[in-house]
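Novice: the amino acid sequence is not available; the structure is as follows:
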């Protein structure tokens, strides 16, 4: 019950609509309003207008904020203002102040490109207009914990900075983001810089350690930058909004991304990104989840262009890191998974299957039925099937914005698309479909895509989706809720009384929150507990003090304590909440066991941060219950709706005319104020006392699909196969402990047919995708049918489908009736597997044995038993010697090897479980049939692409290039009008006495990648892509080396050159950097490996991107602070190599500069290309700059190292790598 008789407003200001829930004096005690967020002809601010309308309606007298503000007790607001300003780049003029050598770091980010197969790489625009590099530097001890141990290498030059800041002020810069390396631990330099900036006259100065005191330079820096860019804009709005109530100010609170409310002065840019969606999560979690039942709830918010999915189980799922608009944010926020599927998602027919989205018709022109010349969308499908009724939809369409939805035009468009589909189906031996079946099919495909997102927030985290309630809200959620629940095996759906404005209602239920964190670095041991308690107490005192100033005292404040824990030496930290009478370590291990499926070998638990969340509890609104009734509900009218196979007479009810206890059997349509709820046959809806709709879902046995081709089922199976591979990838990333897999994401997961052909893969590393099938086929040849349940094999040898030895493939058969019916596999890059150099990427290797343990086939798990002794022996023992007669070492990182192999096994196990579930529900014959149809779909897409490239007649294209050692690469590409192609590499140079040799599987991968890029659009990437392709690869060449040839660089260098060769022949895109710039260093204690991005080649209508990974890899690079904390090195510079891209009408992207200082003696190896032959431009454009590798000795002398080199470094020597730029495209100077 609210404590005063005034008005309480909860306002969700979205990009399209502003929704308002208000508690008002009198009966029924609340009002709901929905307004357009932009309607300048009628009002300036939708929130003020909504307040005016509601107060006027209740009091029956005019209201104006300047004279009547005293009637309002509270205003709470969630807004997309921050998100819109970020997306539209309408923030504050901002400058970045950052440690010298890292001025480009936030532009580089993590160097991976956002979309794997798009040649036109789109990176987010910079939020800053100027950069000031500060000559300051500190060094932390490796895994140290005491501030006194910080070494100050250089303090900021404040006189120089004063000059720089004065220049920025004159240029009109308003806001500064100050980001110093290691400020999360040692903030003194940031404080000095901040004090100076304020003295110069800057009002808005944001220090990264204050914004978020967490390790990771890139994430913290981008978060601070967002804070500086958005907060002044947000503050301006808050002040102008508050000014409207300046006579008697009501309580004013804003929703943060973490689901907590804050006053305007604490409402900042980085914490406001998910302000709108957060209200919805609070809304369903505080009204649907019941403490007495403890049944977890899935939130499903389906709007016009996207769908948000989340989960609640008594505590909010808060994450610390996320990515919004290509920017990495490091701030507590609700874990909300967003997918591009909504009412406006476009419906198309591609490559023999139905496709939904990701493009949207938007609000304008919108779906066909909006009468604006739009395209067929999900809303049209629902209207066509009778699941939306024009009489119960606002009449806001057409030229005069006074017409209802256009059923006739939707029917015409759906019929036309059906004719196109049936023409294809008949040609491919399938049965024709009615327009109703097509529309129903599109709904099913959309539901499957949304089910993938729901599985991601449940099953991939160790929760059974069937154990949940589905809480649906948003304008379109009610139309899909029951079908989606049935597809997932969920038995109950709840649609809230205020489902159409639940984000606004959630604001009324939210608490005021203060969330404080402090970084630490020490072992979780009994001896550390007193220090932990002391630090917690200090954070609690500070958080409570802030809530006290907001009027909260005593029992109105609740405290939650968290530790961020990780296994020492890993990048996987998790927030663990304090539980009564339960040690943090036990909670951590339980969480790891549930998520990983196993506990790693005994490892030290490391405390990375302490966190206190102080919650100020407010009185919750009390909505009057509905009147309980015993009568049978009377429908408003009836209509016809199509479900599965036929039209059904369907009753229509208005929820506002129903009472508590009314039970409605499907089929039925329930009309809420702002949404329509579809109750299918065999489902039953009931109105609860609170006015919510509770639907019981009858779980009928899943309809088994026949083996005949069906374009609807093909799309559903395509989504399901992809979902399985994605879930494998999630498990692998989550369970691995190594930097290579968890941080750099150098892994891939895929499904394979009984013959070893690729069926589906998650979009991971392209170099793995075409080659993993060869590894599976090799094991089939070697093992035959000797497969038992619980067997797992590994291999990495080039003759058994390997690419280079650090990439170990783990292969698991799916057994049905004693025989393998599928295979699943995961490939991960291991930091070290032995060899003559740490990192197992030796530049000087001339034989395979020098590169590490080479495994043709080993049964890693024998009928469920992990073969620890056998794999340890393979990885650590060596019977080989180098050219000097010295024994070649085994793995230097055995513990990491074993841990990552177990993570790969866990990923495969998940793939097997999901495939078995699919087989059980659809039959093995059907799954195999659609496996083949998916392959045919991919083959058709490639066939059509090649036929188009041929121009209608046989076309012969040629291209040549040279590796830096002058080995020739040759390609003759034959394109035929029937869609067949021959890639003939005859003339390519012989195998080399070095490690540039690339196993055949690498060339298959490179060509597969090129074809996928050329096809464009969303197609399944599988063996079918290579079905129209023939290869001619000469044995004994660098692309088909002998069994014992060294291959470490073939996978990472030669693969890139093959891609460039294909695109050169086609004239599609200029050469990219043609390299992965591999750097390894280490000694007997550790090994480190990274690849470095460069410039992308330009194309016919785009310039190349700068500082990114291109083509055959997309691995991330280790964060500078993590790198320096883990290894005895200093990263002196990581910047963009300006003007290194080739000039042209469209210029090539620029390369990178990376300079590392070594603090102790180490072995270093560099494998690189394009140090001799430049990345070429096309059609008259200039080439990109070649790369350079330098050793900078302690005396300052700089030595050119060449492209492939292995050497020892002494303390304080540096390696400086300049990566190549991309080639330009077209004559001119772009």
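Specialist: Alright, I've got the coordinates. Just so you know, these numbers come straight off a predicted model, no measurement behind them. Numbering: from 1, shown residues only.
Novice: mind checking the end-to-end distance for stretch 1188-1200?
Specialist: 7 Å (Cα to Cα, to the nearest Å).
Novice: gap between it and the chain center?
Specialist: Computed by Cα atoms, centre = their mean, to the nearest Å, the separation of stretch 1188-1200 from the middle of its chain amounts to 39 Å.
Novice: repeat that for stretch 417-427.
Specialist: Remark: stretch 417-427 is offset 35 Å from the chain centroid, using Cα atoms, centre = their mean.
Novice: assign residue 1062 to helix, strand or coil.
Specialist: helix (DSSP: H, G, I helix; E, B strand; the rest coil).
Novice: and it, how far is that from residue 28?
Specialist: From residue 1062 across to residue 28, the span is 68 Å (Cβ to Cβ, to the nearest Å). Glycine gets a C-beta too; all of them are placed from N, C-alpha and C.
Novice: ok, now which ones touch residue 800?
Specialist: 774-775, 778-779, 782, 856-857 (Cβ atoms under 8 Å, 6 or more residues apart in numbering).
Novice: cool, residue 640 as well?
Specialist: Contacts of residue 640 (Cβ under 8 Å, 6+ apart): 386, 647-650.
Novice: farthest-separated two in those?
Specialist: Within these, 386 and 649 form the most distant pair, 10.2 Å apart (Cβ to Cβ).
Novice: which neighbours do these two share?
Specialist: Common contacts of residue 386 and residue 649 (Cβ under 8 Å, 6+ apart): 639-640.
Novice: pick out whichever of those two has more residues nearby.
Specialist: Higher neighbour count among residue 386 and residue 649: residue 386, with 20 against 9, using other Cβ atoms under 10 Å.
Novice: just to revisit the earlier point, and the contacts of residue 800, which are buried?
Specialist: Buried members of the contacts of residue 800, counted by 16 or more other Cβ atoms under 10 Å: 774-775, 778-779, 856-857.
Novice: among those, which ones are in strands?
Specialist: Judged by DSSP state E, the buried ones among the contacts of residue 800 include no members of strands.
Novice: tell me the contacts of residue 966?
Specialist: residue 989.
Novice: that one in helix, strand or coil?
Specialist: coil.
Novice: any idea how far it is from residue 1059?
Specialist: 20 Å.
Novice: same check, this time on residue 662
Specialist: Taking Cβ to Cβ, one finds residue 662 at 63 Å from residue 1059.
Novice: do the same with residue 140
Specialist: 40 Å.
Novice: who has more neighbours, those two?
Specialist: Remark: of residue 140 and residue 1059, residue 1059 carries more neighbours, 26 against 21, as counted by other Cβ under 10 Å.
Novice: helix or strand for the most centrally placed residue in the chain, which one?
Specialist: Per Cα atoms, centre = their mean, the C-alpha nearest to the average position across the chain is that of residue 323, at 7.1 Å. Using DSSP states H and E, residue 323 falls within strand 318-324.
Novice: tell me which strands and helices the helix or strand following that strand is in contact with?
Specialist: Once the chain leaves strand 318-324, the next helix or strand it forms, by DSSP H and E, is strand 327-334. Applying 3 or more Cβ pairs under 8 Å, 6 or more residues apart in numbering; DSSP states H and E, one finds that strand 327-334 contacts helix 217-243, helix 275-285, strand 318-324.
Novice: now strand 327-334 against helix 275-285, angle please.
Specialist: If you take axes from the mean of the first three to the mean of the last three Cα atoms, to 10 degrees, strand 327-334 sits at 30 degrees to helix 275-285.
Novice: adjacent strands (with direction) for strand 327-334?
Specialist: Sheet pairing of strand 327-334 (DSSP bridges) gives strand 318-324 (antiparallel).
Novice: what about the strands in the stretch 1001-1150 of the chain?
Specialist: Assigned by DSSP state E, counting those that start in this stretch, the stretch 1001-1150 of the chain shows strands spanning 1029-1032, 1078-1082, 1087-1091, 1129-1137.
Novice: adjacent strands (with direction) for the last one?
Specialist: Okay, so that is strand 1129-1137. strand 1151-1158 (antiparallel).
Novice: now the element after the strand it pairs with, going C-ward?
Specialist: Using DSSP H and E, the helix or strand that follows strand 1151-1158 towards the C-terminus is strand 1162-1167.
Novice: need the contact partners of that following strand.
Specialist: Contacts for strand 1162-1167 (Cβ under 8 Å, 6+ apart): 837-839, 841-844, 995, 1048-1049, 1052-1053, 1076-1083, 1128, 1158, 1189, 1201, 1203-1209, 1215, 1217.
Novice: isn't residue 916 up against residue 812?
Specialist: No - applying Cβ atoms under 8 Å, one finds residue 916 not in contact with residue 812, separated by 11.8 Å.
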